[in-house]
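**Student:** no sequence on this one, just coordinates:
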């Protein structure tokens, strides 16, 4: 692994990590993490990156602004800013000489990958979405999942009084502007514009993203793999995580050519 820093489109310094295979290749995969997470995704992205690297792919994982080791404050995170960060990561990987690119986005990172890819398909060969947030309304604004639906009222009260709130079990601080953007953006609509190979991999017991959203939105567009008993992010070690990993690897072997 090799850690670097590189600038986003507005100059914000981002931290990234390369995983380089022994044999030279032009094929690279960029990993985009979810909100309140970082480039490691509690070890899941690190482990996945090593698996992909051992199978001949270059992997680049990075921290979005306000996350992990990148500059910025989490309260200032915006969807636009994260799209700019992903754009900078793609530019960095391409400038290093890798010409065949695939993206993988998890959770909110899946929405960022979707929004980016709909407008930049010529830059990519394929995309993989893990439990993606494709409908901001059903996931955040008027959520149906138990983990947040009883908290969204308190969060909105915080936005009105303070302009920020604490989010999730990690008490990650997010600002009102992020929610305001979510009211105007519809990743599931952008997904319909994507014609390059696309797959969604989602656990049947995902407690953050409605499983049926993923099944519904990918229908007629790309592949869908249900990981039986898998939860959000595939942190379960053993059979569940291995199924998600092997499905991901098989997709990139088939389509990142």
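**Tutor:** Nice, I can see it. Note that the structure is a prediction, hence the values are computed from the model and not measured.

**Student:** how far away is the residue of the chain most remote from its centre from residue 154?
**Tutor:** When distances are taken from the C-alpha mean of the chain, residue 161 lies farthest, 30.0 Å away, according to C-alpha atoms, centre = their mean. According to C-beta to C-beta, to the nearest Å, residue 161 and residue 154 sit 11 Å apart. Every C-beta, even on glycine, is put in place using the N, C-alpha and C of the backbone.

**Student:** Then residue 9?
**Tutor:** Taking C-beta to C-beta, one finds residue 9 at 34 Å from residue 154.

**Student:** higher neighbour count, those two?
**Tutor:** Of the pair residue 9 and residue 154, residue 9 is the one with more neighbours under other C-beta atoms under 10 Å, namely 14 against 11.

**Student:** Name all residues that make contact with the more buried one.
**Tutor:** 84, 85, 87, 88 (C-beta atoms under 8 Å, 6 or more residues apart in numbering).

**Student:** Tell me which stretches of the stretch 101-250 of the chain form helices.
**Tutor:** Ranges of helices in the stretch 101-250 of the chain, per DSSP state H, counting those that start in this stretch, are 108-119, 136, 146-149, 152-161, 176-182, 187-191, 211-218, 239-255.

**Student:** Those helices: which one's closest to residue 55?
**Tutor:** Closest of the helices of the stretch 101-250 of the chain to residue 55 is helix 239-255, at 6.0 Å (criterion: C-beta to C-beta).

**Student:** I'd like the mean pLDDT over the closest one, please.
**Tutor:** Helix 239-255 carries an average pLDDT of 97.

**Student:** Could you shift the numbering so residue one becomes 297, and keep it that way?
**Tutor:** Okay, using 297 as the starting number, the last item reads as helix 535-551.

**Student:** Give me the contact list for that helix.
**Tutor:** 325, 340, 343-344, 347-348, 351, 353, 398, 400, 421-422, 424, 426, 493, 495, 497, 499, 519, 521, 523-526, 530-531.

**Student:** picking that back up, if I average pLDDT within each of the helices of the stretch 397-546 of the chain, which one is lowest?
**Tutor:** Averaging pLDDT over each of the helices of the stretch 397-546 of the chain puts helix 442-445 lowest, since it has a mean of 83.

**Student:** in it, what's buried?
**Tutor:** residue 444 (16 or more other C-beta atoms under 10 Å).

**Student:** can you list the residues that contact that helix?
**Tutor:** 435, 436, 439, 503, 504.

**Student:** Tell me which two in these are the farthest apart.
**Tutor:** 436 and 503 (14.4 Å).

**Student:** so residue 309 makes contact with residue 300?
**Tutor:** No - with contact defined as C-beta atoms under 8 Å, residue 309 and residue 300 do not form a contacting pair (10.4 Å).

**Student:** so what's residue 486 up against?
**Tutor:** 410, 411, 413, 414.

**Student:** The nearest residue to it once chain neighbours are set aside: how many residues sit nearby?
**Tutor:** Closest residue to residue 486 apart from its sequence neighbours, by C-beta to C-beta, 6 or more residues apart in numbering: residue 414 at 3.9 Å. Other residues near residue 414 come to 17 when the count uses other C-beta under 10 Å.

**Student:** One more: the one 4 residues further on?
**Tutor:** Applying other C-beta under 10 Å, we find 6 other residues in the vicinity of residue 418.

**Student:** ok, it to residue 327 distance?
**Tutor:** As judged by C-beta to C-beta, residue 418 and residue 327 stand 21 Å apart.

**Student:** So in this structure, where's the weakest helix or strand by average pLDDT?
**Tutor:** helix 442-445 (a mean of 83; mean pLDDT, DSSP states H and E).

**Student:** The stretch 347-496 of the chain: strands as residue ranges?
**Tutor:** Assigned by DSSP state E, counting those that start in this stretch, the strands in the stretch 347-496 of the chain fall at 354-358, 396-402, 422-426, 460-463, 468-471, 494-499.
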